[in-house]
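Q: 3D, please:
(one chain, ligands or ions: 3)
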Amino acid sequence: SRSIRLAVIPGDGIGQEVVAEGLKVLGAALPSGTKVETTEYDLGARRWHATGETLPDSVLEELKGHDAILLGAVGDPSVPSGVLERGLLLKLRFAFDHHVNLRPGKLFPGVKSPLAGEPQIDFVVVREGTEGPYVGNGGTLRAGTPHEVATEVSLNTAFGIERVVRDAYRRAAARPRKKLTLVHKNNVLVHAGHLWSSIFARVGQEFPEVTTDYLHVDAATIFFVTQPERFDVIVTDNLFGDILTDLAAAVTGGIGLAASGNINPSGDFPSMFEPVHGSAPDIAGQGKADPTATVLSVAMLLEHLGLAEEAARIEAAVAADLAERIDGPVRSTSQIGDALAARVAG
Ligand code: NAD
Ligand code: IPM
Ligand code: MN
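A: Numbering: from 1, shown residues only. Ligands and ions are numbered 1, 2, ... in the order given. Down below sits the predicted model:
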């Protein structure tokens, strides 16, 4: 018998609501003989108001003893923007070296896309997760004066690019279409762009079976809307990947369906799974949030832990549920979670 040590960080807003449903479905999916020991961590706006802490070192240490982390969302209108996003979520991604931020973009059968026709969308964005403009390399000068200056310098290392690019090539090589698209902006961001492009070309020599393509990020947004079929695997910078994956969610049925995994491929630290969306203060506490993105993130978590069959059962349950949604009534967060758990169990 096996036991999974799972750390759970519901976080803020709808994070609390969707994680509860994700755990329901996880419970229903576990094979007999496998147990999950969850430890829930009270982190986010409440904790910050009460103690001033975002992610204490002691908690960071404890988290290391887990097999994986399930996170809801962080961020709250009552907390200055960036405090929780940087001090909790990004701190975790950086501390646990989550350099592969995996974000599938898949249009399930029967789901209505805002795009014309019936597009076939099935790609995965490999977003770099530990570098780029996210590193906090910047500052403010002459604050509060008319001459205030702000910098936010993007950090790109050959080491960091090479490892995520190679990971993306491996994923592309393992898929039927074997196609990898690099997205950057090497016509303007020439320093970082050159480093990405040259490493992309060099690592590509190890994968002759993979077809490659390059798009500037602005053009990529056009093709996400007009020709999403052209994408199989996409590899890109941290910030471009953030923006592209909200767009990917929008064209595949909405942000309520978009799952993600922050992967540490070496296994030195626990990987973390979370919906792509945020804490959605506009609908928090109303039972309106769609928990499907979190449920699909739980499937990614199980797959990562080697429970591929259970992950596939969850995906199949989601697919079946989505196929019936078009004509169905609007359901609450917990009604959707209950329905998915019942399908997985049954
Ligand atoms: P958001 O993703 O929270 O919300 C954008 C829109 O999508 C809102 O209208 C919201 O109601 C809707 N939405 C989001 N998730 C939904 C769901 N599951 N079901 C139905 N509708 C859903 O993005 P935002 O408004 O830009 O950010 C709100 C807060 O969340 C901010 O503090 C931001 O920093 C934070 N944030 C956190 C994460 C994260 O924890 N990973 C991600 C994005 C934003
Ligand atoms: C996401 C979010 C985060 C990001 C923020 C909240 C730090 O938008 O997970 O997509 O930009 O990565
Ligand atoms: Mn985002």
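
Q: CA only for contacts and neighbour counts going forward, please
A: OK.

Q: just give me the residue right at the centre of this protein.
A: Centroid-nearest residue in the chain, with Cα atoms, centre = their mean: S260, separated by 2.8 Å.

Q: confirm that one sits in a helix?
A: No - S260: not assigned to a helix; according to DSSP: H, G, I helix; E, B strand; the rest coil it is strand.

Q: start the count at 23 instead of 1 going forward.
A: Yes, from this point I'll number from 23; that puts the last item at S282.

Q: quick check: closest non-adjacent residue to it.
A: Nearest non-adjacent residue to S282, counting by Cα to Cα, 6 or more residues apart in numbering: R125, 4.7 Å away.

Q: residue contacts, that neighbour?
A: 146-149, 267, 280-283, 298 (Cα atoms under 8 Å, 6 or more residues apart in numbering).

Q: ok, and of those residues, which contact ligand 1?
A: Checking the contacts of R125 against ligand 1 by Cα under 6 Å from any ligand atom, the ones in range are V298.

Q: show me where this structure has helices.
A: Here the chain has its helices, by DSSP state H, at 36-51, 67-73, 79-85, 105-106, 113-117, 180-195, 212-226, 239-248, 260-273, 314-326, 330-347, 355-367.

Q: most tightly packed of these?
A: Across the helices of the chain, the average number of neighbours (mean count of other Cα atoms under 10 Å) peaks for helix 314-326, which reaches a mean of 27.

Q: got the angle for that helix vs helix 330-347?
A: Relative orientation of helix 314-326 versus helix 330-347 (axes from the mean of the first three to the mean of the last three Cα atoms, to 10 degrees): 160 degrees.

Q: quick revisit: the residue nearest to the centre of the chain contacts E296, doesn't it?
A: Yes - taking Cα atoms under 8 Å as the definition, S282 is a contact partner of E296 at 5.5 Å.

Q: now the common contact residues for those two.
A: S319.

Q: how about the residues of the stretch 23-172 of the chain by ligand 2?
A: Counting by Cα under 6 Å from any ligand atom, the stretch 23-172 of the chain comes close to ligand 2 at 107, 112.

Q: before we move on, what about the stretch 173-322 of the chain?
A: The stretch 173-322 of the chain comes close to ligand 2 at residues 264, 298, as judged by Cα under 6 Å from any ligand atom.

Q: sorry, back to before: a markdown table please, covering the helices of the chain and showing mean pLDDT and distance to P168.
A: Shown next, in a markdown table, are those (pLDDT from 0 to 100; distance: least, Cα to Cα, whole Å):
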| stretch | mean pLDDT | distance to P168 |
| --- | --- | --- |
| helix 36-51 | 98 | 39 |
| helix 67-73 | 98 | 32 |
| helix 79-85 | 98 | 38 |
| helix 105-106 | 98 | 25 |
| helix 113-117 | 98 | 32 |
| helix 180-195 | 98 | 37 |
| helix 212-226 | 98 | 30 |
| helix 239-248 | 98 | 32 |
| helix 260-273 | 98 | 28 |
| helix 314-326 | 98 | 44 |
| helix 330-347 | 97 | 52 |
| helix 355-367 | 98 | 47 |
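
Q: to L28, which of the ones you listed lies closest?
A: helix 79-85 (9.0 Å; Cα to Cα).

Q: so what touches that closest one?
A: For helix 79-85, using Cα under 8 Å, 6+ apart, the contacting residues are 29, 91, 114, 292.

Q: return the residues in contact with whichever residue of the stretch 123-272 of the chain sits closest to ligand 2.
A: Closest approach between the stretch 123-272 of the chain and ligand 2, counting by Cα to the nearest ligand atom: D264, at 5.1 Å. Shown in contact with D264 (Cα under 8 Å, 6+ apart): R149.

Q: much appreciated, bye for now.
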